[in-house]
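Asker: sequence and predicted structure are below.
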Amino acid sequence: MSEPVMRRTLSGGLARSSRIPVSRIYSPLGKALSLCSVLSILAFTVAPLTVQAAEPASLYSIMSERAQSSLLLDITAAGKRLVAVGDRGHILYSDDNGSTWTQGKVPTRQLLTAVYFVDDKHGWAVGHDAQILATTDGGQTWVKQFEDLSREAPLLDIWFKDDAKTGFAVGAYGALLETTDGGANWEDVSDRMNNEDGYHLNSIIAVKDSGLFVVGELGVMFRSADWGQTWETVESPYDGSLFGAVATKEPATLLVYGLRGHLFRSSDFGDTWQQIEINTPNNGPLEFGLADGELLADGSIVVVGHGGTVLKSTDDGRNFSLVNRADRVSLSSAATTDNGKLILVGQGGVHVASPTGADLGQQ
């Protein structure tokens, strides 16, 4: 195994990087949506596995009228604004509950996999080439804080403390990066986890009154009670890949989800797990992959996935209602609007839905 080497971030700071096992192939759609085989053909059309050369500083995402209907992988709220990220470096924002969308000025054309805001101005996005982008104006303009072409793999999720200083990014081959200065410098701290096989880390979340939780490939789980300084391996209830996790409004309580509709709930920060059974209208078990979840402002939880799957819980994840959208598009993330509608993103871009997730014409 090679010795770690130091790599310089775009802001001049140094970050450690280790050799990546190139024999493993990572599906390029990133995050939960990308890891499910249903969209494997789409993955090769929108994001080739070929490693691209470093981009010139002037190469920005192309403004396109079709960006709103292109592949989008994540959406979040920045105050009252909604911000979505996805294919070809597209970052879109809406100030009217998803009715209209404007493209931000983004210094990349790589696939972006996740976005996170701490307030209405300060946010970060991650994606292929291990890129980390940042904004201080609510998503209108972005700067590139970090990239590492040698990784040949994407970052898949990002989380920041409310102080906008301390943050972590996770990704393929066990990547764990940390910043303590708002992203001016990023350090590879992957060795804090016992992940010698380099399993992909798909999601990082904060669990109320408990700490940070990470899930990934082949059911791996890690938790940190000191908010990222030390990490403990958690025994997983499932040996298939987990694509995401979402905290509830209750202390120490979270849900994790992944392949073939597998969904688990813990109320003790991962010590024990209960499987949540989801049955379809024909009484068969849900077998679509679940990609992402969101705790909404009213305390309800939405989980979305393949086949137009939208799950919603109003009791902190103990029970879920199920809607299979008529369009059957694969969904990768969800957010809510002031008027109670859901904004779903994924295959086909932005989809405005009813509070249950159904198409507005499906009700």
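Answerer: Good, I have the coordinates.

Asker: next one, pLDDT for Val256 please.
Answerer: What the model reports as pLDDT for Val256 is 98.

Asker: show me the contacts for the closest residue to Leu342 other than its chain neighbours.
Answerer: In space, and not counting its chain neighbours, Leu342 is closest to Ala353: 4.4 Å by CB to CB, 6 or more residues apart in numbering. Just so you know, the C-beta spots here come from the backbone N, C-alpha and C atoms, and that holds for glycine as well. Ala353 makes contacts with Val310, Arg325, Lys341, Leu342, Ile343, Leu344, Asp359, Leu360, as judged by CB atoms under 8 Å, 6 or more residues apart in numbering.

Asker: the third one reaches Ser354, doesn't it?
Answerer: Which is Lys341. Yes. Between Lys341 and Ser354 there is a contact under CB atoms under 8 Å: 6.5 Å.

Asker: common neighbours of the two, please.
Answerer: Residues touching both Lys341 and Ser354 by CB under 8 Å, 6+ apart: Leu360.

Asker: what bridges to the residue nearest to Leu342?
Answerer: Leu342, Asp359 (DSSP bridges).

Asker: just give me the neighbour total for Arg318.
Answerer: A count of nearby residues for Arg318, using other CB atoms under 10 Å, gives 14.

Asker: Pro237: what secondary structure?
Answerer: With DSSP: H, G, I helix; E, B strand; the rest coil as the basis, Pro237 sits in coil.

Asker: repeat that for Tyr173.
Answerer: Following three-state DSSP, Tyr173 is assigned to helix.

Asker: do you know how far the residue nearest to Leu342 is from Leu156?
Answerer: Distance, Ala353 to Leu156, using CB to CB, to the nearest Å: 25 Å.

Asker: ok, Ser61 next?
Answerer: Taken as CB to CB, the span from Ser61 to Leu156 is 19 Å.

Asker: looking at these two, which is more packed in?
Answerer: Using other CB under 10 Å as the criterion, Ser61 and Leu156 rank with Leu156 on top: 31 against 21.

Asker: and the host helix or strand of that one, what does it pack onto?
Answerer: If you go by DSSP states H and E, Leu156 is part of strand 155-160. Contacts defined by 3 or more CB pairs under 8 Å, 6 or more residues apart in numbering; DSSP states H and E place strand 155-160 against strand 112-117, strand 123-127, strand 131-135, strand 167-171, strand 201-207.

Asker: quick one: distance of stretch 275-294 to the chain centre.
Answerer: 20 Å (CA atoms, centre = their mean, to the nearest Å).

Asker: pull the CA atoms of it into PDB?
Answerer: C-alpha atoms of stretch 275-294 as PDB (Å, rounded to 0.1, in the frame of the first residue of the first chain):
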ATOM      1  CA  GLN A 275     -37.000  -3.000   9.700                       C
ATOM      2  CA  ILE A 276     -39.900  -0.900   8.400                       C
ATOM      3  CA  GLU A 277     -42.000  -3.100   6.000                       C
ATOM      4  CA  ILE A 278     -43.400  -1.200   3.000                       C
ATOM      5  CA  ASN A 279     -46.100  -3.100   1.100                       C
ATOM      6  CA  THR A 280     -47.400  -2.100  -2.300                       C
ATOM      7  CA  PRO A 281     -51.200  -1.800  -3.100                       C
ATOM      8  CA  ASN A 282     -51.000  -5.400  -4.300                       C
ATOM      9  CA  ASN A 283     -49.700  -6.400  -0.900                       C
ATOM     10  CA  GLY A 284     -46.300  -7.400  -2.200                       C
ATOM     11  CA  PRO A 285     -43.200  -5.900  -0.600                       C
ATOM     12  CA  LEU A 286     -41.700  -2.800  -2.100                       C
ATOM     13  CA  GLU A 287     -38.600  -3.700  -4.200                       C
ATOM     14  CA  PHE A 288     -37.600  -0.400  -5.700                       C
ATOM     15  CA  GLY A 289     -34.300   1.100  -4.500                       C
ATOM     16  CA  LEU A 290     -34.700   4.000  -2.100                       C
ATOM     17  CA  ALA A 291     -32.400   6.900  -2.900                       C
ATOM     18  CA  ASP A 292     -32.900   9.900  -0.500                       C
ATOM     19  CA  GLY A 293     -34.900  11.100   2.500                       C
ATOM     20  CA  GLU A 294     -35.800  14.500   3.900                       C
END
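
Asker: buried stuff in that stretch?
Answerer: By neighbour count with 16 or more other CB atoms under 10 Å, stretch 275-294 contains the buried residues Ile276, Ile278, Leu286, Phe288, Gly289, Leu290, Ala291, Asp292, Gly293, Glu294.

Asker: could you do stretch 237-247 as well?
Answerer: Pro237, Tyr238, Ser241, Leu242, Phe243, Gly244, Ala245, Val246, Ala247.

Asker: start and end of that stretch, how far apart?
Answerer: Start-to-end span of stretch 237-247 (CA to CA, to the nearest Å) is 17 Å.

Asker: now stretch 160-169
Answerer: 9 Å.

Asker: pull the residues that contact that stretch.
Answerer: With contacts defined as CB under 8 Å, 6+ apart, stretch 160-169 is touched by 116, 118-119, 122, 124, 126, 132, 155, 157-159, 175-183, 186, 204, 212, 227-228.
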